[in-house]
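Visitor: Return a 3D structure for these sequence lines:
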Amino acid sequence: MTRPLALHPDRLFPADPATRAIARALYAPVKDLPIVSPHGHTDPAWFADDAPFADPARLLIVPDHYVFRMLYSQGVSLEALGIPTEDGSPTEGDPRRIWRLFAERYHLFRGTPSRMWLDWVFAEVFGLDVLLEADTADLYYDTIEAALKRTEFRPRALFDRFGIELIATTESPLDPLDHHRAIRESGWGGRVVTAYRPDPVMDPEHGGFAGNLQRFGELAGEDIGTYAGYLRAHENRRAFFREAGATSTDHGHPSALTADLPRADAEALYAKVLSGDFTPAEAELFRGQMLTEMARMSIDDGMVMQIHPGVLRNHNAAVLARFGRDKGADIPGQTEFVRALKPLLDRFGSHPGFTLILFTIDEDVYSRELAPLAGHYPAVRLGPPWWFHDSPEGMRRFREAATETAGFYNTVGFNDDTRAFLSIPARHDVARRMDCAFLARLVAEHRLPEDEAHEVARALAYDLVKAAYKL
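Guide: You can find the predicted model right below:
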């Protein structure tokens with residue numbers, strides 16, 4: 001017997017009836033505001049080509065590490081889920097079999113954000129009204145497969161249907177940005193911009209770093225054999241990215257360490273990095289020096305700077321070797337910001353033309369380090385809960401830990417940071433509901449007037465992100 005799928009209109013609102021009523025009132029004016037997605041990982045080719053999505057499995061399972069990491073943790077092999085291998089060896093090619101594996105194990109997602117996002121997609125995008133499980137797997141597959149063949153389910157149509165005002169993708173400095181050029185030249189009105197992610201040419205421990213540097217110099221038209229030429233190459237590629245709409249850079253370093261070396265020391269360090277004969281400590285120092293150089297360039301060209309530190313990426317060596325990077329094995333670690341950021345903030349923390357957005361997945365530092373930094377330095381803003389804390393409880397804890405010290409206006413609204421295109425509206429809806437729930441409690445406890453709470457709810461849903469990312 002099938003079970004119904006229904007999205008409760010009061011989901012995520014407070015259980016107390018009076019506070020819930022305030023949350024409803026706060027949510028109503030913001031729920032349909034346009035979506036601004038300033039940093040994510042959707043594929044710009046989707047919007048350039050506007051081709052139909054291939055099938056349900058390759059749309060909703062294969063590219064979404066939130067989904068397949070849970071299945072992998074319960075013993076489902078990545079081969080069985082059709083995840084492509086590095087050497088091209090075959091994996092499961094039947095998307096219906098992949099879908100059935102997923103459906104049979106959908107119960108594993110109970111209580112997780114992925115369950116909320118997926119249920120929203122199933123109900124709101126595809127009109128399904130029964131729960132996904134083994135008995136409904138084929139019904140789901142057939143319904144979604146049929147929908148994907150229709151024009152209104154192509155990427156550009158969904159972009160418009162979702163009310164997306166702007167979406168930013170993320171590209172390496174080695175990317176020619178051909179898809180972004182095709183979007184601009186197509187005449188389509190959707191706004192898709194890029195973001196500059198220089199990790200492959202800033203992290204000496206990144207796979208293929210030496211070859212990346214060579215290609216980087218060629219694309220920039222600079223001699224990267226010298227530190228000066230290397231910095232000019234970044235400046236040239238940043239300008240190229242700005243032409244494609246970029247307003248931000250993004251840095252996914254292992255730590256938040258920054259450095260401000262004398263020029264001669266920086267040149268000597270770069271020479272070691274270039275030679276390939278460097279220690280892990282020297283690699284870390286180089287990354288830190290380059291974060292400060294990126295801040296300097298941001299003041300020159302106006303790009304907003306984001307740092308996403310504190311992750312031991314690709315923790316599973318066997319998965320990395322067989323399937324490559326970004327396959328659900330990125331694990332949080334302890335992160336320190338106060339001392340790590342001091343060299344950068346000593347130079348640029350009070351500069352009126354600089355914005356530094358900080359993210360963490362080490363929640364302990366919200367109240368101890370990040371909120372005090374954002375509550376003092378004019379340049380510092382707090383990014384929203386990220387990755388494992390992009391969740392109702394993570395959002396609640398963030399507001400509770402950060403608001404009393406940093407306030408609302410030293411945060412930047414919501415950032416969905418996803419490859420899963422269809423989940424973007426669901427994620428923004430969760431953030432808006434949780435912010436309204438938090439604000440409702442402040443109103444109910446007579447800590448914030450309701451008219452001011454309405455202003456904050458709009459700012460968190462729309463205004464702050466546009467201002468922070470200069471959109």
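Visitor: Could I get the full set of strands for the stretch 301-450 of the chain?
Guide: For the stretch 301-450 of the chain, the strands defined by DSSP state E, counting those that start in this stretch occupy 304-307, 311-312, 331-332, 356-358, 380-382.
Visitor: List just the one of those that sits closest to residue 350.
Guide: strand 380-382 (10.0 Å; Cβ to Cβ). The C-beta positions use only the backbone N, C-alpha and C, and glycine is treated the same way.
Visitor: The nearest residue to residue 106 once chain neighbours are set aside sits in which helix or strand?
Guide: Excluding its sequence neighbours, the residue lying closest to residue 106 (Cβ to Cβ, 6 or more residues apart in numbering) is residue 132, at 4.8 Å. According to DSSP states H and E, residue 132 maps onto no helix or strand at all.
Visitor: Give the burial count for residue 132, as a bare number.
Guide: Neighbours of residue 132 under the rule other Cβ atoms under 10 Å: 24.
Visitor: go on, the one 10 residues further on?
Guide: Residues near residue 142, counting by other Cβ under 10 Å, number 12.
Visitor: who's in contact with it?
Guide: Neighbour list for residue 142: empty [criterion: Cβ atoms under 8 Å, 6 or more residues apart in numbering].
Visitor: secondary structure class for it?
Guide: At residue 142 the chain is in helix, as set by DSSP: H, G, I helix; E, B strand; the rest coil.
Visitor: now the helices: where do they sit in the stretch 201-350 of the chain?
Guide: Using DSSP state H, counting those that start in this stretch, the helices of the stretch 201-350 of the chain run over 209-220, 227-243, 263-275, 280-301, 317-323, 342-348.
Visitor: now these in a markdown table, with mean neighbour count and mean pLDDT?
Guide: Shown next, in a markdown table, are the helices of the stretch 201-350 of the chain (neighbours: other Cβ atoms under 10 Å; pLDDT from 0 to 100):
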| stretch | mean neighbour count | mean pLDDT |
| --- | --- | --- |
| helix 209-220 | 17 | 97 |
| helix 227-243 | 19 | 98 |
| helix 263-275 | 16 | 98 |
| helix 280-301 | 19 | 98 |
| helix 317-323 | 15 | 96 |
| helix 342-348 | 19 | 98 |
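Visitor: What residue spans form the domains of the chain?
Guide: 17-51+151-468, 52-150 (automatic domain parsing).
Visitor: tell me, what residue is most central in this protein?
Guide: Nearest to the geometric centre of the chain sits residue 417, at 1.7 Å (Cα atoms, centre = their mean).
Visitor: For that residue, give me its contacts.
Guide: Counting by Cβ under 8 Å, 6+ apart, residue 417 has contacts 39-41, 386-387, 390.
Visitor: Kindly report the same for residue 273.
Guide: Counted by Cβ under 8 Å, 6+ apart, residue 273 has contacts 204, 282-283, 286.
Visitor: which non-adjacent residue is nearest residue 300?
Guide: residue 235 (7.7 Å).
Visitor: Am I right that the one you found is in contact with residue 297?
Guide: Yes: under the criterion of Cβ atoms under 8 Å, residue 235 makes contact with residue 297 at 6.1 Å.
Visitor: tell me the SS of the residue nearest to residue 92 when sequence neighbours are not counted?
Guide: Excluding the flanking residues, the one nearest residue 92 by Cβ to Cβ, 6+ apart is residue 82, at 4.5 Å. The three-state assignment at residue 82 reads coil, by three-state DSSP.
Visitor: tell me the contacts of the closest residue in space to residue 130 that isn't next to it in sequence?
Guide: The spatial neighbour of residue 130 that comes closest, neighbours along the chain excluded (Cβ to Cβ, 6+ apart), is residue 2 at 4.3 Å. Residues near residue 2 by Cβ under 8 Å, 6+ apart: 130-131, 133, 135-136.
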